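Student: 3D, please:
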Amino acid sequence: MRVIKAGFYEPGSLRFLNERETMIAYFDCFSGISGDMTLGALIDLGVPAKWLKDALSSIPLSGFDLSVSSLSRNGISAIRVQVNCETDTESRNYSQIKSLIKKSPLSPFVKQRSLEVFKRLADAEAGIHGCSIEKVHFHEVGGIDAIVDIVGTALCVDYLGIEKVIASRIPLGSGFVSCQHGTLPVPAPATLALLKGVPVYGAGIPYELVTPTGAAIIVTLAESFETMPDMIVEKTGYGAGKRDLESIPNLLRVITGTEPHHQKGHLTGHQADTIVVVETCIDDMNPEVFGFLMDRLFEEGALDVYWIPIFMKKNRPGTMVQVLCRENRKEILIDCILSETSSLGVRYYDVKRRMLAREHIFVQTTYGEIQVKRIIEPGGGVRIVPEYEVCKKIAIEKNIPIRVVYDTIIKSLSE
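Tutor: Alright, predicted model coming up:
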């Protein structure tokens, strides 16, 4: 077996990490989050400012410069990032921003993450202003600074090899903020729309702590919002906001490290996290709807979906719909179930789980370079599993049984 790509590395040092390790980033948002704070923290973690400037220069934009400086807040050294715009002050709609990013020479990962963030922003703005997503004009959000913040964040995440992001609860300020539409309450309507389903709390600080750009970035990146996970800490980065708060340091702290896979000196390969189970029971719905419902749930971010046969009151046969998801997708999936089915209500609860460590790698096989899943077993052994969608595509293209594709791939991997 010849591995084409496994694990990840830090471009500056070419330090390959242990393939069994998953790089985690914990966003400790004790003072909120914005685009410039995020960039500052990631640069403080080791992304070279010059590399980031050069990468951003490849986007078909002009008239901007990235200013990076060091400062101290409450005795903590941090990085302050400012986007200085020279000529480009136009507002852009969602379609223009999509075209701008897609035409750039950025990597597929950076393009995808950047577009995901702007898609969330567009959905939020469209809902607030009552217009179609393609016609949303972002004004400040669509300005050059937000494009640099969002694409720059995706570039930094890719550079650092961050595979998993977890965030703290999000603090919200109060008061009012001036923008293109006039004076708006804090949190801004777009910020609240983006934070739907995310645990927040009032910080009692009369300023905007979370910007729409910062909210869009963290809800796109984070798998969950909880206390700091079990991890082996490697680095800590601090990004400074523009305002100097009196009560707390106006900083975003990002902590990176790896998941601990050793217990009592033995390699376990276990990973642990917390997810949400959403479920309901249905006994009065056209069964044809279930197929459509499953597709919709996966499109909205479900980790897995189950149909469980049950008997309900009056001995009527029914189906339990059970959905596994991350905390930040819970509300969206609940809305999907209640709007697409005959259910009158759902239950949801947190569950903890342990999983075998796994990663996606690319290997050379009889069918060329394909993606497979590399699984670490409890004793440290390695198991390679072909991906179903990959095998399905090969079987259709070559008009052969899918079992033949599986058998051929597994045989070539063992040689």
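
Student: Other residues contacting stretch 189-209?
Tutor: 31-33, 120-121, 123-125, 127-128, 141, 169-175, 177, 186-188, 210-212, 215-216, 219, 225, 243, 245, 247-248, 327-332 (Cβ atoms under 8 Å, 6 or more residues apart in numbering). (C-beta placed from N, C-alpha, C; glycine too.)

Student: if you set the cut-off to 7 Å instead, what comes out?
Tutor: 31-32, 120, 124-125, 127-128, 169-175, 177, 186, 210-212, 215-216, 219, 225, 243, 245, 247, 328-332 (Cβ atoms under 7 Å, 6 or more residues apart in numbering).

Student: For that stretch, which residues meet the burial criterion?
Tutor: 189-195, 197-198, 200, 203, 205, 207-209 (16 or more other Cβ atoms under 10 Å).

Student: hang on, the earlier thing: the contacts of stretch 189-209 in helices, which ones?
Tutor: 120, 124-125, 127-128, 212, 215-216, 219, 330-332 (DSSP state H).

Student: Check these and tell me the two furthest apart.
Tutor: 125 and 330 (22.5 Å; Cβ to Cβ).

Student: In terms of neighbours, single out the busier of these two.
Tutor: More crowded of residue 125 and residue 330, by other Cβ atoms under 10 Å: residue 125, with 25 against 22.

Student: Residue 79 - nearest residue in space that isn't next to it in sequence?
Tutor: residue 40 (3.9 Å; Cβ to Cβ, 6 or more residues apart in numbering).

Student: quick revisit: and the contacts of stretch 189-209, which of them are buried?
Tutor: 31-32, 120, 124-125, 170-173, 186, 210-212, 215-216, 219, 225, 245, 328-330.

Student: Tell me which stretches of the protein form helices.
Tutor: 35-44, 49-56, 94-102, 108-129, 144-160, 189-194, 212-221, 288-299, 330-340, 388-398, 402-414.

Student: Can you convert those helices into TSV and add a column each for mean pLDDT?
Tutor: Shown next, in TSV, are these (pLDDT from 0 to 100):
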stretch	mean pLDDT
helix 35-44	98
helix 49-56	94
helix 94-102	88
helix 108-129	87
helix 144-160	93
helix 189-194	93
helix 212-221	95
helix 288-299	95
helix 330-340	94
helix 388-398	92
helix 402-414	88
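
Student: could those be laid out in JSON lines, adding distance to residue 72?
Tutor: Putting those into JSON lines (distance: least, Cβ to Cβ, whole Å) gives the following:
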{"stretch": "helix 35-44", "distance to residue 72": "13"}
{"stretch": "helix 49-56", "distance to residue 72": "18"}
{"stretch": "helix 94-102", "distance to residue 72": "35"}
{"stretch": "helix 108-129", "distance to residue 72": "30"}
{"stretch": "helix 144-160", "distance to residue 72": "22"}
{"stretch": "helix 189-194", "distance to residue 72": "28"}
{"stretch": "helix 212-221", "distance to residue 72": "22"}
{"stretch": "helix 288-299", "distance to residue 72": "46"}
{"stretch": "helix 330-340", "distance to residue 72": "39"}
{"stretch": "helix 388-398", "distance to residue 72": "50"}
{"stretch": "helix 402-414", "distance to residue 72": "53"}
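
Student: out of those, nearest to residue 82?
Tutor: It's helix 35-44; of the helices of the chain, that one is closest to residue 82 (Cβ to Cβ) at 6.6 Å.

Student: which helices and strands sit right next to that closest one?
Tutor: strand 76-85, helix 144-160, helix 212-221, strand 232-240, strand 251-258 (3 or more Cβ pairs under 7 Å, 6 or more residues apart in numbering; DSSP states H and E).

Student: And the longest strand anywhere in the chain, what does it pack against?
Tutor: Looking across the chain with DSSP state E, the single longest strand is strand 270-282. Packed against strand 270-282 by the contact rule (3+ Cβ pairs under 7 Å, 6+ apart) you find strand 317-325, helix 330-340, strand 347-356.

Student: and residue 276, what does it touch?
Tutor: Contacts of residue 276 (Cβ under 7 Å, 6+ apart): 325, 327, 330, 348, 350.

Student: before we move on, the earlier item: out of the helices and strands packed on strand 270-282, deepest packed?
Tutor: strand 317-325 (a mean of 19; mean count of other Cβ atoms under 10 Å).

Student: And residue 106, how far from residue 60?
Tutor: Per Cβ to Cβ, to the nearest Å, residue 106 is found 11 Å from residue 60.

Student: can you check residue 287 too?
Tutor: Applying Cβ to Cβ to residue 287 and residue 60 gives a distance of 50 Å.

Student: Need the per-residue pLDDT for residue 223.
Tutor: Residue 223 is assigned 88 on the pLDDT scale.

Student: Let me know how buried it is, in neighbour terms.
Tutor: Residue 223 - counted by other Cβ under 10 Å - has 19 other residues nearby.

Student: so what's it closest to, chain neighbours aside?
Tutor: residue 326 (5.1 Å).

Student: wait, doesn't that neighbour sit right on residue 274?
Tutor: No - with contact defined as Cβ atoms under 7 Å, residue 326 and residue 274 do not form a contacting pair (9.2 Å).
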